[in-house]
Structure formats: C-alpha cells, structure tokens
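Visitor: from the sequence below, what's the structure:
(one chain, ligands or ions: 1)
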Amino acid sequence: MQFPEYRPRRMRRTENLRRLVRETQLGVGQLIYPMFVIPGKNIRKPIAAMPGQSQLSVDEIVKETKACHALGIPAVILFGVPEKKDEVGSEAWNDGGLVQTATRAIKDACPEMTVILDACFDEYTSHGHCGVVVNGDVDNDATLENLGLVATSQARAGADIIAPSGMMDGFVGWTREILDEEGFEHIPVMAYSAKYASGYYGPFREAAGTASDFGHRKGYQMDPSNAREAIREVTLDVSEGADIIMVKPALAYLDVVARVRDKIDLPIAAYNVSGEYSMLKAAAERGFIQYDRVMMETLTSIRRAGADMILTYHAQEAARLLGEGV
Ligand code: PBG
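Guide: Numbers count the residues shown, from 1 in each chain. As a prediction, this is how the structure comes out:
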C-alpha cells in the first residue's frame with residue numbers, strides 16, 4: 001500500500017494544533033437570549049416543557065438581563081404573555097404593555113443590553129393566530145396595519161431592534177416604512193424571513209401561551225419541504241430593507257442557513273427554537289447524552305452552517321462555559 005503523503009491526523013494531535021486550524025468560532029457575542037414576560041411582581045413561573053426556563057415578571061426580567069450582561073451576552077429578545085387577549089391582539093401595541101414596560105425597565109437598569117422585540121400577535125390574540133382573522137384566514141393587509149402600530153409602540157419603548165415574525169407578505173417593507181416615518185430610521189429590522197411551519201415550536205406554545213383554537217399556520221409560515229423558496233423570501237426581505245435575515249428553526253434547516261449564507265451578504269440569525277432546546281434537556285435528563293457537550297456541538301453546527309448570531313435558550317449555559325463574562 002502506498003503510504004499517504006498527507007495525513008489529516010497530524011493537525012489533530014494536540015489541543016493547540018486543533019485550535020490553530022479551527023474553522024468555526026462560537027463566542028458569547030453571537031448569542032441572543034429569549035425571555036417570556038408575565039404580569040405581576042417577583043414571579044418566576046417555570047415552563048414545564050422547557051426545563052430551566054421560566055416566565056418572568058418585569059422585575060425578574062431585569063435581574064435575568066443583568067445576569068446575561070455579566071456573562072457577556074449582548075442581546076435579549078422578549079415575548080409578552082399577557083392576561084388580556086382579543087380578536088386582533090391589540091394589547092401588542094399598548095404602550096404600557098408587558099414587553100414595552102420590560103424594555104423600559106431594562107433600559108433603566110442595564111442600558112447597554114440590546115433589546116430585541118418580536119413584533120407579532122399570536123401571544124395577544126384570543127385565537128392564537130399571528131394577525132387579524134377574516135373568514136377563517138389571517139388577512140395579510142389588515143395585519144400589516146396593526147403591525148405598524150406594534151413596531152412604533154416597541155420603538156417608543158426603547159427597543160434596539162424590531163423583529164417582525166408573522167410571515168405576512170410585505171411585513172419588512174411595511175415595518176421599515178413606518179419606523180422611518182415615525183423618526184426611528186436608526187432602528188434595525190431583524191426579519192423572520194424563512195420561518196417554517198414547524199412542530200419544533202411545540203414547547204413555545206406553553207411558554208408564550210399561544211395555543212391556536214383552530215387551523216394551523218401553513219397559510220403563512222413556510223412549508224418544511226422548501227429550500228429554494230427560502231431564498232425567494234430572503235431576497236424579498238433584503239429588497240424591503242431588512243438589516244438581519246433570520247432562518248427558523250435552526251437545526252432541521254441548517255441547509256437553508258447554508259444556502260442563504262451563499263446567496264446573501266447581510267448578517268444571518270438562526271433561531272434555535274424551543275423544541276430543539278427541550279429535546280436536549282429531555283435526552284440529558286434520561287442520561288442519553290452529555291448535555292454540555294451536545295449543546296456546544298449544536299451551537300457550533302449552527303455557526304458552521306453560516307449563522308452570524310443564534311437566538312437560543314441555551315445562551316446563559318453556553319456563555320458560562322465559554323467564560324467571556326465581565
Ligand atoms: C411568533 C413566534 C413563535 C416563535 C417565536 N416567535 C411561534 C410560532 O410562530 O409558532 C417560536 C419560538 C420557539 O419555538 O422557540 N410570535
């Protein structure tokens with residue numbers, strides 16, 4: 001047998017050699033921590049389907065944000081879990097609403113923290129859909145009208161980034177136009193551009209209290225079978241002025257992250273969603289996997305696929321392991 005001239009194992013021999021040729025870096029600076037805001041004071045309500053995560057009252061959100069800051073995490077994204085819901089989700093654009101109040105409180109206590117607000121309606125509507133329902137379907141343009149109200153209310157509260165997530169046609173352009181009109185031209189839009197109709201959002205339903213009374217979201221979220229269509233969606237959002245493009249979920253869609261990376265030069269975010277988080281927790285609880293190791297491998301895979309930043313419930317645990325805190 002002819003002996004190989006190139007032996008790949010040479011560069012794997014020691015940790016420092018491996019570090020020198022490491023292609024993908026995972027840093028705390030790329031992590032975004034999602035949190036769920038509930039009414040009240042001094043309340044932490046554990047989310048059974050997401051071990052380690054809780055719904056938090058505003059004062060607890062502030063504490064958790066300070067913990068994130070100390071770990072070096074640059075951004076949080078907030079979801080409101082309001083008591084009051086109605087047909088159109090009007091609580092979403094209440095200036096005194098949960099995410100607006102939490103944002104003001106964070107900006108008071110920890111002004112450097114980047115606050116991202118998810119501009120959507122499903123947590124706020126009585127039926128759990130992402131907009132105004134007309135004849136059993138979410139009406140695109142009526143929903144856009146309300147989305148403008150949400151985006152401006154969130155911007156007034158001090159949000160650093162607005163993230164429209166409802167997958168309505170034209171939602172990025174609309175958000176951009178309204179923000180500019182209202183004097184918020186400096187606020188970036190993070191577009192949930194390729195958001196799939198996914199079963200991996202299961203635990204989020206409990207976390208955000210968004211069980212749908214009827215139907216499904218396949219009329220607005222993308223078909224899991226489609227990848228080319230993701231490029232079309234992303235291209236549209238780029239032309240409408242998106243600053244950051246998102247692919248969601250992350251793991252079952254790493255090919256989509258990679259394709260988008262190939263085609264688009266804007267920053268890409270991937271959302272490592274609730275079901276992805278809970279699967280690791282459940283497997284670890286049963287002793288099937290080593291949690292820390294699999295978590296870091298998972299987050300690294302999302303970076304390797306091409307994501308610049310990762311929205312993840314693992315953010316604090318990963319940050320502790322990465323040890324870049326202040
Ligand atoms: C919509 C929204 C959802 C998630 C984030 N934003 C739910 C959905 O579209 O069904 C899911 C995130 C997760 O599962 O972690 N406001």
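Visitor: got the residues of this protein near the ligand?
Guide: Asp118, Cys120, Asp122, Ser165, Tyr201, Phe204, Val273, Ser274 (C-beta under 6 Å from any ligand atom). All C-beta spots, glycine's among them, are computed from the backbone N, C-alpha and C.
Visitor: dihedrals phi and psi, the second one?
Guide: By that I understand Cys120. phi -150, psi 180 (degrees, to the nearest 10).
Visitor: which of the residues of the chain next to the ligand fall in helices?
Guide: In helices, judged by DSSP state H, the following of the residues of the chain next to the ligand are found: Phe204, Ser274.
Visitor: how about the residues of the chain next to the ligand in TSV, adding distance to Ala109, pLDDT and neighbour count?
Guide: TSV is the format used below for these (distance: C-beta to C-beta, whole Å; pLDDT from 0 to 100; neighbours: other C-beta atoms under 10 Å):
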residue	distance to Ala109	pLDDT	neighbour count
Asp118	21	94	25
Cys120	25	87	27
Asp122	28	86	27
Ser165	26	87	23
Tyr201	30	95	23
Phe204	26	93	25
Val273	28	98	26
Ser274	27	98	24
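Visitor: what about Val115, which helix or strand?
Guide: Applying DSSP states H and E as the criterion places Val115 in strand 114-119.
Visitor: adjacent strands (with direction) for that strand?
Guide: In the sheet, strand 114-119 lines up against strand 75-80 (parallel), strand 161-164 (parallel) (DSSP bridges).
Visitor: where does this protein have low pLDDT?
Guide: 1, 211-214 (pLDDT under 70).
Visitor: let's see that with 80 instead.
Guide: 1-2, 140, 211-215, 326 (pLDDT under 80).
Visitor: one step back: pipe the strands paired with strand 114-119 into TSV and attach mean neighbour count per row.
Guide: Formatted as TSV, the strands paired with strand 114-119 follow (neighbours: other C-beta atoms under 10 Å):
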stretch	mean neighbour count
strand 75-80	24
strand 161-164	24
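Visitor: can you list contacts of the longest strand along the chain?
Guide: Longest strand in the chain, counting residues (DSSP state E): strand 31-38. Contacts with strand 31-38, where a contact means C-beta atoms under 8 Å, 6 or more residues apart in numbering, come from 45, 47, 53-58, 61, 64-65, 68, 73-81, 98-99, 101-102, 116, 207-208, 269, 299, 309-313, 315-316, 318-319.
Visitor: neighbours of the closest residue to Ala92 other than its chain neighbours, how many?
Guide: Once flanking residues are discounted, Ala92 sits nearest to Tyr124: 4.3 Å by C-beta to C-beta, 6 or more residues apart in numbering. As a burial measure, Tyr124 scores 28 neighbours (other C-beta atoms under 10 Å).
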